[in-house]
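Engineer: Compute the structure for the input listed below.
(one chain, ligands or ions: 2)
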Amino acid sequence: MIACAPCNLIGGSPAFLAGLELIRKYATCDFAVLIQGETGTGKELAARAIHYLSARRDLPFIGLNCGALPDNLIETELFGYLRGAFTDAKETRIGLVAQARGGTLFLDEVEAMSPRAQVALLRFLQDKEYRPIGGAPVRNANVRILAASNADLTTLVARGVFRRDLLYRLDVLSLRLAPLRERAGDVMLLAEAFVARLNQQSNGPAKALHPAATSVLNGHAWPGNVRELENLMQREYLLAAGRLIDIPQFADHRAVAANGPEPEPFVIAKARAVAQFERAYLSALLATASGNLSLAARMAGKDRSDIGRLLRKHGISRTAFLATDGPVASEASRK
Ligand SMILES: Nc1ncnc2c1ncn2[C@@H]1O[C@H](COP(=O)(O)OP(=O)(O)OP(=O)(O)O)[C@@H](O)[C@H]1O
Ligand SMILES: [Mg+2]
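Structural biologist: Numbering: from 1, shown residues only. Ligands and ions are numbered 1, 2, ... in the order given. I've put the predicted structure just below:
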């Protein structure tokens with residue numbers, strides 16, 4: 001598994017790794033990046049990754065959800081205003097561009113900007129200068145612009161609802177995040193990483209995915225992408241009565257087979273299925289044995305050294321499964 005430590009991105013599929021490589025490259029410069037992808041594919045996480053891998057990492061990362069902003073507020077939000085600039089301006093307010101100074105301004109859901117807001121933003125991007133409302137002198141902006149969109153902006157330009165000149169200013173560098181259904185192998189990596197994180201956050205005994213979960217999770221089309229998977233794992237983790245997390249069948253479980261990606265070569269598909277099975281099996285085994293290696297080996301009918309080797313192969317730590325009390329725990333803690 002590849003995990004990008006400073007940016008919390010998890011994945012190992014070719015599509016994910018290609019995106020990660022671009023993120024790393026884009027972090028070395030100051031050009032605007034347009035991040036496009038379906039909902040839940042990790043656009044905001046990618047924007048944060050670019051910022052935190054860049055030389056601007058110690059300065060602010062400021063986000064603006066363009067979709068949530070009323071048409072007439074874009075300029076006051078971005079540029080701020082001086083006291084008395086208009087009737088309600090009781091105090092001077094610093095805008096997001098000034099708040100992000102030296103850092104990154106992330107414009108989320110740019111596809112939702114009104115024509116008027118698009119003009120205001122375009123003017124700012126052209127000059128890299130702004131003037132707080134109320135007549136203060138023009139100020140230079142030192143911000144890196146990252147933007148995200150759920151919709152394909154080229155299509156919106158063709159339909160006449162998004163300005164072509166604004167698209168060019170935002171889309172100097174492009175990052176397209178693949179939907180989860182096109183990231184072969186990442187579903188299980190992510191599911192297991194989410195369970196590991198939930199185990200760390202919980203005070204109870206460690207839980208693990210039921211071995212049967214693999215085929216259910218891999219058979220789903222994930223229209224909500226990583227967010228859908230993350231939410232599902234949180235829900236099922238909470239609902240699991242014992243130490244094994246069951247994943248109920250999805251209503252659309254045939255969808256991927258019908259519309260999904262091309263089949264891959266047999267050896268690759270088999271190797272992945274075996275690795276997924278081993279990880280799920282080991283996690284379930286350790287959860288049942290409360291992290292006790294000898295007990296786990298006995299239950300599996302394998303040598304202790306074989307189980308140890310498999311755990312190292314998959315980077316699974318048995319300590320995460322140690323029970324906090326009871327006889328098994330005290331036995332385990334002596335190992
Ligand atoms: N590669 C990944 N590794 C780990 N977690 C991820 C990854 N991609 C996304 N996530 C998680 O999935 C959730 C959705 O990600 P994010 O908010 O970045 O998606 P988005 O593309 O901005 O979605 P939307 O278009 O709906 O705003 C977040 O909780 C995020 O932490
Ligand atoms: Mg988002």
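
Engineer: which element is L238 on?
Structural biologist: Assessed by DSSP states H and E, L238 sits inside helix 225-239.

Engineer: What of S174?
Structural biologist: Under DSSP H and E, the secondary-structure element containing S174 is strand 173-176.

Engineer: Show me what the helix or strand just after that strand is packed against.
Structural biologist: Sequence order places helix 186-201 as the next helix or strand after strand 173-176, per DSSP H and E. Here helix 186-201 is seen to pack against strand 9-11, strand 208-209, helix 213-218, helix 225-239, helix 266-288 when contacts are counted using 3 or more Cβ pairs under 8 Å, 6 or more residues apart in numbering; DSSP states H and E. To be clear about C-beta, it is placed using only N, CA and C from the backbone, and glycine gets the same treatment.

Engineer: Residue of this structure nearest ligand 1, please.
Structural biologist: Nearest to ligand 1 in the chain, going by Cβ to the nearest ligand atom, is G42, at a distance of 2.8 Å.

Engineer: residues touching that residue, list them.
Structural biologist: Residues touching G42, when contacts are defined by Cβ atoms under 8 Å, 6 or more residues apart in numbering, comprise L9, L177, N225, V226.

Engineer: now swap in A196 and tell me
Structural biologist: Applying Cβ under 8 Å, 6+ apart to A196 gives the contacts A320.

Engineer: The one 4 residues further on too?
Structural biologist: Listed by Cβ under 8 Å, 6+ apart, the contact set of Q200 reads A320.

Engineer: ok but A148 is inside a helix, no?
Structural biologist: No - for A148, which was evaluated using DSSP: H, G, I helix; E, B strand; the rest coil, the result is strand, with no helix membership.

Engineer: thought it was touching E109?
Structural biologist: Yes - A148 lies in contact with E109 (Cβ atoms under 8 Å); the separation is 6.9 Å.

Engineer: Pick out whichever of those two has more residues nearby.
Structural biologist: Between A148 and E109, A148 has the larger neighbour count (other Cβ atoms under 10 Å), namely 26 against 18.

Engineer: which outside residues touch stretch 299-308?
Structural biologist: With contacts defined as Cβ under 8 Å, 6+ apart, stretch 299-308 is touched by Y281, L282, L285, T288, A289, L293, S294, A296, A297.

Engineer: Between which two of these is the distance greatest?
Structural biologist: Y281 and S294 (17.3 Å; Cβ to Cβ).

Engineer: Make JSON lines out of the contacts of G42 and add neighbour count.
Structural biologist: Rendered in JSON lines, the data for those read as follows (neighbours: other Cβ atoms under 10 Å):
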{"residue": "L9", "neighbour count": "19"}
{"residue": "L177", "neighbour count": "25"}
{"residue": "N225", "neighbour count": "21"}
{"residue": "V226", "neighbour count": "24"}
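
Engineer: Export the residues you listed as a markdown table, with columns for pLDDT and distance to F124.
Structural biologist: Written out in a markdown table, the entries for the contacts of G42 read as follows (pLDDT from 0 to 100; distance: Cβ to Cβ, whole Å):
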| residue | pLDDT | distance to F124 |
| --- | --- | --- |
| L9 | 94 | 30 |
| L177 | 97 | 26 |
| N225 | 96 | 31 |
| V226 | 97 | 32 |
